[in-house]
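J.: got a sequence here, can you model it:
(one chain, ligands or ions: 1)
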Amino acid sequence: MATLREQIATNVLTVTRFRDLMKRMQANRPADDLELVKKAYDYSLHVHTGQSRASGEPYLVHPLEVALVLAEMKMDPIAVAAGLLHDSVEDTSVTIVDIRKEFGEQVAHIVEGVTKISKIDFATKEEQQAENLRKMMLAMVDDIRVVMIKLADRLHNMRTLEHLAPDRQQKIAKETLEIYGPIAHRLGMGKIRGELEDLGFKYLDPIAYEQVKQAVESHRKVGEAFLSRVEGVVRDKLKEAGITAKVESRTKRFYSIHKKLVRQRINVDQVYDLYAMRIITRSVQDCYAVLGIIHNVWRPVPGRIKDFIAMPRPNFYQSLHTSVITEDGTPFEVQIRTEEMHKMAEEGIAAHWKYKDGAVSAQDEQRLAWLRQVVEWQRDVSDPNEFLSTLKIDLYPEEVYIFTPKGKVVVLPRDSTPIDFAYSVHTEVGHTCVGAKVNGRMVPLRHKLHSGDIVEIMTQPGHKPSRDWLAIVKSSRSRNKIKHWLNIHQRERAIEIGRKLIEKEARKYRIPLKELKEEEFLRIASDYGLGRPDDLMAGIGYGKYSARQVLAKLSPAAGQALPEQEEAKETESAVTSVVRRVFGGDHNAITVKGSGDLLVYRARCCNPIRGEGIVGYVTRGKGVAVHAVSCPNVVNLMYEPERRIDVSWAKDESTPNAYPVKLTVFCDDRYGMLKLITGVIGDAKSNIRNIEARTANSQAVVDIILDISDLKHLETIINGLRKIPGVRDVQRLQKI
Ligand code: MN
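T.: Okay, here's the model as predicted:
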């Protein structure tokens, strides 16, 4: 029992917060009866008395803060009451039965769901992690308020993470970035997601966080002056046009800046667009009018205009995006949306909270449908790792927008193929898909689709999915459909093959098959630890057991070698192109398809090395710039397809080239680390041109420029570095 002094201290700290909570509830939901919330507060105060958090504060502060977050999301009294009680079952002697008796079925049900999720340990090994995620998904589908409370709980825990030990911080931060941030994103809750991710980033990768923060800080003065100037211009122009709109600008979120650095493989000094402007209008019509005005003032960056109003993202995010470049060459991003769209972008599923009325909006219903779908998919997936990777793909959607010939929009993950598209139309269309036309032109099935493509699928009745498809599809829907089909049909086929092999073998040794009774096969099956003769046949069909050996168990006559069975393998006919040797620059290494002798050089933005996928771009007057296929500039450059040219690495390797490549090694700061790193590089016979190290918080970042002969050479070195104990990651920076 707590002392009176402790109780008073708790009261002083919490009574004001509780008053804030009630005020917020009254303001947001004036019609609601708050008796339940009051009762939950008293109950929570009572059961948590004497407990304190790692920060030394009374424990009650935590459920109160969680309830406040929920109240800010305009959640109903049931959810807020459940928020106040969310840790009572886990951390006190209270049981679910007690909660049910005091607060009714709904509150108890939600608290039970939250308690179940809290017991999940996401840091365990992969299989268990997948199983845990599955449980969490199930709890969410059950009542979405469970996940709202869990998100609010995680938000407050992240806000107070400084009080925990470093290893706990890392674990919780990782889990936040991998699971809770993406879930908030899928539910359209941009505001919570942003805060969760920035906090997660801060604890998981303190060096990178500091770098981004410092870069932003160092630009702050210039940045603020810049923003107030462009804001002024925008306001004047809007006024001229008679449009009323809110103009706000901000520095982008640290984590989103960081992700951009990683994605584009650039240093923080190379990031330019740290700023984003948001214009919030009164109508959709005004959104497009404002876009026109902005493009009239500044030059838009090609390929960066995105109309998420006409084509909302899968989480129903709507907005117009564009990037423009000012007269002095500074690029910045502009987002244009209505008040309503803004609210949806910030609050997502919580924006239209109507649970109390029993009516969930159509969009919210679709958001929940995503969750249900995920839960359903996992039923087809027996391998937990498969489920986990499936889920990770679905939690991080980077999507493309594809059109059917009739103009219907289909949203697919980035790098999706016509097969993905076919499966999104209908499972049967996927299974029987034999070819595709993209924008009227035939393409191979492995072709990567781009936003705006019009895709037409050609089917052939009776055609079957191929195992090879698994390597090229991107959406988990198609992956699961193909796997499912293969599992069923390949087994059937294997059984058939198994039987045929046994028959063939039996004929060879003149063993009448009639004499081979089902019971005997059953006996042999159980010898192999199998349940049914079909399992045995499938095993033979798959080549796991030999038909001869099985038959030998039946009849000692079988004793000779069996001809090996061969399965037909589907291969694509390779179209070889005429390749011409060219002269100039990197001519020894790269050949260009086409006529005329062209000067080639490796693009400075990505510095491709031998062995990497490359693509050529005909520049004006400078010859052919050769980019890595993975280079982020490629997408923008290939905006003009007629300037694209096929290039390949020359077969002739008699003049080996050494290319400078820049690597960044993220590792622990400890004795001998540098020696181990240079050891790996030396062993791989590479020269170091430059090496620099920075350290903070007993972690280090080492930048190395070294000579690399080809991709294989680079991979050897990267793999070697990754094996050094204490090395967390090795990244290649495209730009040197
Ligand atoms: Mn909690």
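
J.: ok, which residues in this protein are in contact with the ion?
T.: 87, 153 (CB under 5 Å from the ion). Yep, even glycine has a C-beta here, placed from its N, CA and C like the rest.

J.: break the chain into its domains for me.
T.: Segmentation of the chain into domains, based on automatic domain parsing, reads 2-203, 207-350, 369-464, 483-560, 584-649, 659-733.

J.: tell me the pLDDT of the residue in the stretch 601-736 of the chain that the ion sits nearest to.
T.: Using CB to the ion, the single residue of the stretch 601-736 of the chain nearest to the ion is Asn697, 27.1 Å away. The predicted local confidence for Asn697 comes out at a pLDDT of 71.

J.: tally of neighbours for the closest residue to it other than its chain neighbours?
T.: Distance criterion CB to CB, 6 or more residues apart in numbering; nearest residue to Asn697, sequence neighbours excluded, is Pro206 at 5.1 Å. As a burial measure, Pro206 scores 18 neighbours (other CB atoms under 10 Å).

J.: likewise for the one 3 residues further on?
T.: Other residues near Tyr209 come to 19 when the count uses other CB under 10 Å.

J.: state the distance from it to the ion.
T.: Applying CB to the ion, to the nearest Å, the value for Tyr209 to the ion is 25 Å.

J.: and what of Thr176?
T.: From Thr176 across to the ion, the span is 14 Å (CB to the ion).

J.: tell me who's in contact with the residue nearest to that residue when sequence neighbours are not counted.
T.: In space, Thr176 comes closest to Gly200 once its chain neighbours are excluded; the distance is 3.9 Å by CB to CB, 6+ apart. Taking CB atoms under 8 Å, 6 or more residues apart in numbering as the criterion, Gly200 is in contact with 158, 173-174, 176-177, 181, 255.

J.: could you redo the last one with a cut-off of 7 Å?
T.: For Gly200, the contacting residues are 158, 173, 176-177, 181, taking CB atoms under 7 Å, 6 or more residues apart in numbering as the criterion.

J.: residue of the stretch 301-450 of the chain nearest the ion, please.
T.: Ala350 (18.5 Å).

J.: what's that residue sitting at in phi/psi?
T.: Dihedral pair for Ala350: phi -80, psi -20, per degrees, to the nearest 10.

J.: can you report how many residues lie near Gly452?
T.: As a burial measure, Gly452 scores 11 neighbours (other CB under 10 Å).

J.: and it, that one's in a strand?
T.: No - read with DSSP: H, G, I helix; E, B strand; the rest coil, Gly452 is coil and lies in no strand.

J.: just give me the neighbour total for Ile502.
T.: Ile502: 23 surrounding residues under other CB under 10 Å.

J.: again, but for Phe226
T.: Residues within reach of Phe226, counting by other CB under 10 Å, total 18.

J.: helix, strand or coil for it?
T.: Strictly by three-state DSSP, Phe226 counts as helix.

J.: next up, the contacts around Arg159.
T.: Arg159 is in contact with Leu199, counting by CB under 7 Å, 6+ apart.

J.: let's see that with 8 Å instead.
T.: Remark: with contacts taken as CB under 8 Å, 6+ apart, Arg159 is in contact with 65, 199.

J.: now do the strands in the stretch 101-250 of the chain.
T.: With DSSP state E, counting those that start in this stretch, the ranges of strands along the stretch 101-250 of the chain come out as 245-251.

J.: quick check, the residue in it closest to the ion?
T.: Nearest residue of the stretch 101-250 of the chain to the ion: Asp153, at 4.1 Å (CB to the ion).

J.: that residue and His86: what is the separation?
T.: From Asp153 over to His86 the distance is 6 Å, taken as CB to CB, to the nearest Å.

J.: among these two, which residue is more densely surrounded?
T.: Counted by other CB under 10 Å, Asp153 and His86 do not tie: His86 has more neighbours, with 29 against 23.

J.: count the neighbours of the residue nearest to the more buried one when sequence neighbours are not counted for me.
T.: In space, not counting the residues next to it along the chain, His86 is nearest to Val114; the distance is 4.7 Å by CB to CB, 6+ apart. The local packing of Val114 (other CB under 10 Å) involves 26 other residues.

J.: hmm, Val114 is touching Leu151, no?
T.: No - between Val114 and Leu151 there is no contact, the gap being 10.6 Å when judged by CB atoms under 8 Å.

J.: could you find the closest non-adjacent residue to Gly188?
T.: Counting by CB to CB, 6+ apart, the residue nearest Gly188 is Gly348, at 2.7 Å.

J.: residue contacts, the one you found?
T.: Going by CB under 8 Å, 6+ apart, Gly348 touches 184, 187-190, 315-316, 367.

J.: sketch out the low-pLDDT regions of the stretch 101-250 of the chain for me.
T.: 118-142 (pLDDT under 70).

J.: let's go with 90 and repeat that
T.: Scanning the stretch 101-250 of the chain for pLDDT under 90 picks out the ranges 106, 109, 112-148, 166-168, 171, 174-175, 177-190, 207-208, 211-228, 249-250.

J.: what segments of it are helices?
T.: 126-142, 144-159, 166-175, 181-186, 190-204, 206-241 (DSSP state H, counting those that start in this stretch).

J.: sorry, back to before: mark which of the contacts of Gly200 are buried, thanks.
T.: With burial judged by 16 or more other CB atoms under 10 Å, the buried subset of these is 158, 173, 176-177, 181.

J.: ok, so of those, who is nearest Glu195?
T.: Each of those was scored against Glu195 by CB to CB, and Met158 proved nearest at 7.6 Å.

J.: who touches both of Asp153 and His86?
T.: By CB under 8 Å, 6+ apart, the residues touching both Asp153 and His86 are 66, 114.

J.: before we move on, back to that, hmm, Leu85 and the residue of the stretch 101-250 of the chain closest to the ion touching each other?
T.: No - Asp153 sits out of contact with Leu85 when judged by CB under 8 Å, with a separation of 11.8 Å.

J.: next, the contact list for Gln699, please.
T.: With contacts taken as CB under 8 Å, 6+ apart, Gln699 has the following neighbours: 206-207, 666-669.

J.: which one (most neighbours) among these?
T.: Counting neighbours by other CB under 10 Å, Cys667 leads these with 23 neighbours.

J.: what strands flank the helix or strand containing that residue, and is each parallel or antiparallel?
T.: Under the criterion DSSP states H and E, the helix or strand holding Cys667 is strand 659-668. Here strand 659-668 is paired, per DSSP bridges, with strand 699-708 (antiparallel), strand 727-733 (antiparallel).

J.: sorry, back to before: separation between the residue of the stretch 601-736 of the chain closest to the ion and Lys202?
T.: 11 Å.

J.: quick one: which of the two has more around it?
T.: Of the pair Asn697 and Lys202, Lys202 is the one with more neighbours under other CB under 10 Å, namely 21 against 10.

J.: the more buried one reaches Val212, doesn't it?
T.: No - if you go by CB under 8 Å, Lys202 and Val212 don't touch, sitting 9.8 Å apart.

J.: so what sits against both of these two?
T.: With CB under 8 Å, 6+ apart, Lys202 and Val212 have common neighbours Phe254.

J.: got the contact list for the residue lying closest to Met341 once chain neighbours are set aside?
T.: The shortest distance from Met341 to any residue other than its chain neighbours is 4.3 Å, reached at Gln318 (CB to CB, 6+ apart). Applying CB under 8 Å, 6+ apart, we find Gln318 in contact with 308-309, 312, 337, 341, 344-345.
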